[in-house]
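Student: the sequence and its predicted three-dimensional model are supplied below.
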Amino acid sequence: MGDMQILPVARHRPPLRRPTWIIVLVSMVSLFLVCAYIYPPQSRNACYVFSSRGCQVLTDWLPPAPARELTDEEIASRVVIREILSASFTPTKKAKIAFMFLTPGPLPFEKLWDKFFSGHEDRFSVYVHASKEKPVHVSRYFVNQDIRSDQVCKFNVNVSCFLVFHTFNLLMSYFDFHTFGCLFKIISYCLSTFSLFAAFVSGLCGPLKLINFWLYIISWLLVIWGKISMIDAERRLLANALRDPDNQHFVLLSDSCVPLYKFDYIYNYLMFTNISYVDCFYDPGPHGNGRYSEHMLPEVEMKDFRKGAQWFSLKRQHALIVLADNLYYSKFRDYCKPGLEGKNCIADEHYLPTFFNMVDPGGIANWSVTHVDWSERKWHPKLYRSQDVTYELLKNITSIDLSIHVTSDEKKEEQIQPCLWNGITRPCYLFARKFHKETIDDLLQLFSNYTAL
């Protein structure tokens with residue numbers, strides 16, 4: 001017994017357990033990748049699942065989305081635009097710049113423009129679109145240069161009703177449509193109906209008491225900031241200016257614009273380059289892509305939506321395609337307006353930047369040659385008063401050679417690009433606004449000094 005060996009007893013081992021959690025994890029990852037491959041993200045919000053860099057890598061890895069079949073209207077529009085852009089335009093021997101003034105009434109800086117134009121009569125033309133009041137011109141260059149506006153409908157109207165109605169329409173122009181748009185539309189509709197009814201009753205029952213005024217009923221025809229009527233006025237100016245074959249460049253100016261250089265410098269700057277100056281940048285914030293409406297699909301996608309100031313300078317081919325366009329114009333006419341879907345879409349800030357970004361992005365400079373000061377961060381730019389107008393102010397504006405755009409999202413990101421003219425860094429701005437009419441004497445006194453190169 002003592003010498004008896006005790007053999008070791010075999011240890012009982014439980015059956016090997018499968019790592020089920022690994023199998024589940026691998027399956028989930030595989031399923032996620034398959035879904036990402038088949039159904040790529042349709043919204044940029046999905047990018048926040050990854051880093052922005054990771055989202056870009058994923059986008060590059062995914063196959064390109066199949067090309068969308070174009071509508072008949074898109075095909076026709078693209079053919080016309082392509083033919084215009086590819087056509088060879090030979091400038092005439094008397095190539096001119098069309099200076100197009102978009103104004104509600106008088107032009108307070110005509111004397112300054114007269115001094116600017118003097119001696120260059122064969123190299124420019126002037127067009128004036130006054131939407132509310134026909135100006136009384138003091139410069140020979142502006143006389144008989146007014147074009148037709150939309151003030152065409154005349155009625156006998158009870159004066160008090162008309163004034164109340166007109167006042168509310170003006171309020172609609174300036175208030176925040178995001179908050180008050182629906183209310184003002186209802187009130188305006190009621191007042192317009194009442195005013196016309198009152199005029200009808202007065203005409204029938206009290207003709208002796210009716211004060212006969214031939215007033216313009218322009219509530220729906222007024223060129224109002226933010227509405228498509230502003231674009232209509234711009235197109236009307238272009239149409240009239242294009243009738244002259246010598247006009248090769250088309251500059252849109254306001255009544256508060258002034259020139260920053262002498263005529264020769266501006267003429268050479270615009271004429272001896274093959275691009276248009278259209279302000280255009282991508283703004284992911286609420287005042288940029290936040291104004292986009294999906295009703296613009298399929299022709300206008302959010303990725304193509306752009307923003308910019310309305311003050312453009314177009315070469316002749318670009319002016320022609322703006323007039324030829326109806327497809328994209330109709331999208332902004334119908335779906336980019338204050339108050340639509342609770343948004344504050346401003347047609348004149350989005351139509352042309354988006355249009356050129358889609359049809360000829362390489363043909364524009366992405367900045368406007370008209371300077372405005374948005375440093376006060378208000379709905380409208382800074383208004384220069386008499387005490388602001390100094391030689392230093394004007395020289396500071398003419399020394400700017402960087403175009404800066406600030407996004408409206410929380411990041412307030414600055415998008416900076418050099419102002420390149422034929423590959424050479426040059427000053428960005430040829431004109432400036434917004435100057436109060438009281439500054440005319442100061443500007444006239446400084447003109448010879450600040451325009452000297």
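Tutor: Here it is on my side, so go on.

Student: hang on, residue 100 in a strand?
Tutor: Yes: judged by DSSP: H, G, I helix; E, B strand; the rest coil, residue 100 forms part of a strand.

Student: so what's it closest to, chain neighbours aside?
Tutor: Residue nearest to residue 100 in three dimensions, not counting chain neighbours: residue 237, with 4.1 Å by C-beta to C-beta, 6 or more residues apart in numbering. (Glycine included, C-beta is placed from N, CA and C.)

Student: do the same with residue 320
Tutor: Residue nearest to residue 320 in three dimensions, not counting chain neighbours: residue 84, with 5.1 Å by C-beta to C-beta, 6+ apart.

Student: surely the one you found forms part of a strand?
Tutor: No: Residue 84 is assigned helix when assessed by three-state DSSP, not a strand.

Student: ok, the residue nearest to residue 100 to residue 28 distance?
Tutor: Using C-beta to C-beta, to the nearest Å, residue 237 is found at 61 Å from residue 28.

Student: who has more neighbours, those two?
Tutor: Between residue 237 and residue 28, counted using other C-beta atoms under 10 Å, the more crowded position is residue 237 (22 against 10).

Student: quick one, what contacts that one?
Tutor: 100, 102, 127, 129, 147, 250, 252 (C-beta atoms under 8 Å, 6 or more residues apart in numbering).

Student: just for this structure, where's the confidence low?
Tutor: Along the chain, the model assigns pLDDT under 70 to residues 1-19, 21-22, 24, 26, 29-30, 32-66, 150-226, 452-453.

Student: cutoff 80 now
Tutor: Applying pLDDT under 80 to the chain picks out residues 1-67, 89-91, 149-227, 342, 377-379, 450-453.

Student: residue 286 contacts residue 409, doesn't it?
Tutor: Yes: under the criterion of C-beta atoms under 8 Å, residue 286 makes contact with residue 409 at 7.2 Å.

Student: tell me the domain boundaries of the chain?
Tutor: 75-80+95-150+225-369, 154-216 (automatic domain parsing).

Student: gap between the two ends of the first one?
Tutor: Translated: domain 75-80+95-150+225-369. Length of domain 75-80+95-150+225-369, first residue to last, C-alpha to C-alpha, to the nearest Å: 33 Å.

Student: do a quick rundown of the helices in the chain.
Tutor: Taking DSSP state H to define them, one finds helices in the chain at 20-38, 52-61, 72-86, 110-117, 159-174, 177-205, 228-242, 263-271, 316-324, 327-335, 347-359, 391-398, 440-450.

Student: next up, the contacts around residue 277.
Tutor: By C-beta under 8 Å, 6+ apart, the contact list for residue 277 reads 270, 312-314, 364-365, 367-369.

Student: in strands, which of those appear?
Tutor: Among the contacts of residue 277, the ones falling in strands (DSSP state E) are 313-314, 364-365.

Student: only the buried subset of those, as a ChimeraX command please.
Tutor: The ChimeraX selection below is limited to those of the ones in strands among the contacts of residue 277 classed as buried (16 or more other C-beta atoms under 10 Å):
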select :313,314,364,365
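
Student: can you put the ones in strands among the contacts of residue 277 in a markdown table and add distance to residue 428?
Tutor: Output for those, formatted as a markdown table (distance: C-beta to C-beta, whole Å):
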| residue | distance to residue 428 |
| --- | --- |
| 313 | 12 |
| 314 | 17 |
| 364 | 14 |
| 365 | 9 |
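
Student: which two among the ones in strands among the contacts of residue 277 are spaced furthest apart?
Tutor: Using C-beta to C-beta, the ones in strands among the contacts of residue 277 span at most 11.1 Å, a distance reached by 314 and 365.

Student: overlap in contacts, those two.
Tutor: Joint contacts of residue 314 and residue 365 (C-beta under 8 Å, 6+ apart) are 276-278.

Student: can you list these in a markdown table and add distance to residue 340?
Tutor: A markdown table is the format used below for these (distance: C-beta to C-beta, whole Å):
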| residue | distance to residue 340 |
| --- | --- |
| 276 | 29 |
| 277 | 29 |
| 278 | 24 |
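
Student: pick the one among those residues closest to residue 436.
Tutor: Closest approach between the shared contacts of residue 314 and residue 365 and residue 436, by C-beta to C-beta: residue 277, at 25.2 Å.

Student: list the buried ones in stretch 333-351?
Tutor: Buried residues in stretch 333-351, counted by 16+ other C-beta under 10 Å: 333, 335-340, 343-351.

Student: now stretch 136-155
Tutor: 137, 139, 141-142, 145-147, 149-151.

Student: same check, this time on stretch 398-411
Tutor: Residues 398, 403, 405-408 are the ones in stretch 398-411 that count as buried (16+ other C-beta under 10 Å).
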